[in-house]
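1. dropping a prediction and its sequence here:
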There are 2 protein chains.
Amino acid sequence: MAITVVGSVAFDSIETPAGRRERCLGGAATYFSLAASYFTSVRVIAVVGEDFSAEQQSVFDARRIDTQGIERSSGKSFFWEGSYLENLNEAKTHNTELNVFGSFQPKIPDAYRDSEFLFLANIDPVLQKRVREAMPHAKLVAGDTMNYWIKDHRDALKQVLKGLDILLINDTETRMLAGNNNLVQAARGVLDMGPRMLVVKHGEYGATAFYGKSPNGFGAKTFRAPALPLEEVIDPTGAGDSFAGGFFGYLASQKELTPGTFRRAMFYGSVMGSFAVERFGTERLQQLSRETIDERFAMFRELTHLD
Amino acid sequence: MAITVVGSVAFDSIETPAGRRERCLGGAATYFSLAASYFTSVRVIAVVGEDFSAEQQSVFDARRIDTQGIERSSGKSFFWEGSYLENLNEAKTHNTELNVFGSFQPKIPDAYRDSEFLFLANIDPVLQKRVREAMPHAKLVAGDTMNYWIKDHRDALKQVLKGLDILLINDTETRMLAGNNNLVQAARGVLDMGPRMLVVKHGEYGATAFYGKSPNGFGAKTFRAPALPLEEVIDPTGAGDSFAGGFFGYLASQKELTPGTFRRAMFYGSVMGSFAVERFGTERLQQLSRETIDERFAMFRELTHLD
């Protein structure tokens, strides 16, 4: 099944202990769609400026990603500059220029409207809601958000959460959204806001899915996927979006959504996140094969399974 | 097989968001031996003062722990006072009184000398080394240490590491010991110092074992055990020592040490750590049964396994 994703396509200037890159192709929708493209067909809704050239277009084309929903606008693309010099787990933002993204009004090509899988990457919840409503055939809707929307646009965000099947956010965002420092209690609080499943991304410690009610007294049911302990993290940018792409891409590729499907999806999410950080920007995500991905999936199983 | 453990038996005054307890029974050797006692017989080497009464003795007796190696000295027992009000993952120490522990000279009862499993809990590495040398029959030796010894007693600690089969420490200690911020590189650095296996405890994110050399280019081989996402952490004190007790206790209970044995030991470590934090002090560890433990083991498998 095809996934439609709405989110940012951007340029990033990134500094990490491994070096510096100027104006890499980036943005949540970019990382998401590259990661998901190894599992299913992907359609992108975004806006870019005149600086988005054939070079960037070719990255999407090489992965057969449908870009007719990427609007070309006059002006410059979204630009972000950040560094991870002190802490690989948390970016320090030096500069954000919204540019054409500041007045983004998602336009959905007719060819996208039959998508049964919809991913609302981290953008203004008002836009997330509008896209959700314009895609009535979506049978599984997942999304992301960030501290900015949680803090200052809570009412709009809550409207989005009501229509989400799966929310993917990190530890800090989960605690902030629920106003509770205990992760399990916070997760239950978030589930009460609407999503049927919450996937909390723990960075180098993997991710935990919370869903339903547990019979064992531990609140929501849980499943934990590991992250690979990595010898070298070159650039953490996009790891969370790549997790989401692997997770949702695998789900969309499956005929049936069973508890086992969701568990494997969690592992594929971790796998794609682990590839993303091995090179700057989207470099590693451009060069994978399903065989390489499945080898790492097997390594993750070996890393965590008793037998 | 019996385990001999050398370490602290102490009184702790603890404040957490869940409340405050004065002078609970504590100390690394206490938590370790209670946790290990559900798997095998345990012998303790420690020193206590006149304040160690029949009440504390009965805690060990109820779990059939051999305490003939606990020396009664004139003076007061080791006392620690700390809180976790801001951060459940890191204790803030308000007061440490070494008391009789300050001049601790471990004395090994003859009945202990045939122990094939030896655990050197976090004490002065000079004493760890002396106990190791006095126990030549120990075929598997594991140990713990802390930032204080890593920073200011590095040479003595390095002598201990050469004689260790397994070192169990946390993320920060691993990075500090190796002088490397990347956990995988740091783990390899620590393995180069002598231990055949390094178990890094990640608190609420579980633990990772590093051992041997990996053929897949990721440095040392790894195995990751989860921690249970807990709805309520009452008191984190002793979680790491309880992990060590479950881990080493299970190993000592097995006829053969295979890769599968070590994996299950990692899970039992996480299981015992998860029980420890459910009540203040050693309260929860006193009241378990092997059945309750194995139920949680099954829950941990369910939490992490694909099928």
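-> Great, that's in hand. Residues are numbered from 1 along each chain as shown, chains lettered A, B, ... in the order given.
2. which bits of the stretch 51-200 of chain A sit near chain B?
-> A:Asn182, A:Leu183, A:Val184, A:Gln185, A:Ala187 (CB under 8 Å from any CB of the partner chain). Backbone N, C-alpha and C define where each C-beta goes, glycine included.
3. for chain A, which residue gets nearest to chain B?
-> A:Tyr205 (3.9 Å; CB to the nearest CB).
4. rewinding a little: would you turn the residues of the stretch 51-200 of chain A next to chain B into a markdown table with secondary structure and neighbour count?
-> Putting these into a markdown table (DSSP: H, G, I helix; E, B strand; the rest coil; neighbours: other CB atoms under 10 Å in any protein chain shown) gives the following:
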| residue | secondary structure | neighbour count |
| --- | --- | --- |
| A:Asn182 | coil | 19 |
| A:Leu183 | helix | 21 |
| A:Val184 | helix | 24 |
| A:Gln185 | helix | 18 |
| A:Ala187 | helix | 27 |
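5. just the element for A:Phe119, please.
-> For A:Phe119, the element it lies in under DSSP states H and E is strand A:117-120.
6. in that strand, which residues are buried?
-> Neighbour counts over strand A:117-120 (16 or more other CB atoms under 10 Å in any protein chain shown) mark A:Phe117, A:Leu118, A:Phe119, A:Leu120 as buried.
7. got the contact list for the nearest residue to the last one once chain neighbours are set aside?
-> Setting aside the residues directly before and after it, A:Leu120 is nearest to A:Gly143 in space (CB to CB, 6 or more residues apart in numbering or on different chains), at 3.7 Å. When the contact criterion is CB atoms under 8 Å, 6 or more residues apart in numbering or on different chains, the partners of A:Gly143 are A:Phe119, A:Leu120, A:Ala121, A:Gln128, A:Val160, A:Leu164, A:Ile166, A:Leu167, A:Leu168.
8. pretty sure the fourth one contacts A:Leu120?
-> Yes: shown here, A:Gln128 and A:Leu120 form a contact pair, counting by CB atoms under 8 Å, at 4.2 Å.
9. what residues are shared contacts of the two?
-> Joint contacts of A:Gln128 and A:Leu120 (CB under 8 Å, 6+ apart) are A:Val6, A:Gly143, A:Val160.
10. among those, find me the one that's closest to A:Asp110.
-> Ranked by distance to A:Asp110 (CB to CB), the shared contacts of A:Gln128 and A:Leu120 are led by A:Val6 at 15.5 Å.
11. how about the nearest residue to the closest one, chain neighbours excluded?
-> A:Ile45 (4.1 Å).
12. go through the shared contacts of A:Gln128 and A:Leu120 and flag which are in helices.
-> A:Val160 (DSSP state H).
13. got JSON lines for the shared contacts of A:Gln128 and A:Leu120, with pLDDT too?
-> Shown next, in JSON lines, are the shared contacts of A:Gln128 and A:Leu120 (pLDDT from 0 to 100):
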{"residue": "A:Val6", "pLDDT": "98"}
{"residue": "A:Gly143", "pLDDT": "98"}
{"residue": "A:Val160", "pLDDT": "97"}
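14. from the contact counts, what lies against the helix or strand hosting A:Val44?
-> According to DSSP H and E, A:Val44 maps onto strand A:42-48. Here strand A:42-48 touches strand A:3-6, helix A:28-36, strand A:66-72, going by 3 or more CB pairs under 8 Å, 6 or more residues apart in numbering or on different chains; DSSP states H and E.
15. after the shortest one comes which helix or strand?
-> Elements were assigned by DSSP H and E; along the chain past strand A:3-6, the next helix or strand is strand A:10-16.
16. ditto for the last one
-> Downstream of strand A:66-72, the next assigned helix or strand under DSSP H and E is strand A:78-83.
17. can you check what angle separates that next one from strand A:42-48?
-> Strand A:78-83 runs at 90 degrees relative to strand A:42-48, counting by axes from the mean of the first three to the mean of the last three CA atoms, to 10 degrees.
18. pLDDT (mean, whole number) over strand A:78-83?
-> Taken as a whole, strand A:78-83 has an average pLDDT of 97.
19. again, but for stretch A:286-293
-> On average, stretch A:286-293 scores 98.
20. next one: stretch A:23-34
-> For stretch A:23-34, the per-residue pLDDT averages 98.
21. tell me how far the ends of that stretch are from each other?
-> 18 Å (CA to CA, to the nearest Å).
22. ditto for stretch A:13-27
-> So stretch A:13-27: terminal residues 11 Å apart, CA to CA.
23. what does it contact?
-> A:7-12, A:46, A:56, A:59, A:78-85, A:88, A:95, A:232-238, A:280-283.
24. are any of the residues you listed buried, and if so which?
-> Using 16+ other CB under 10 Å, the buried members of these are A:7-12, A:46, A:56, A:59, A:78-84, A:88, A:233-238, A:280-283.
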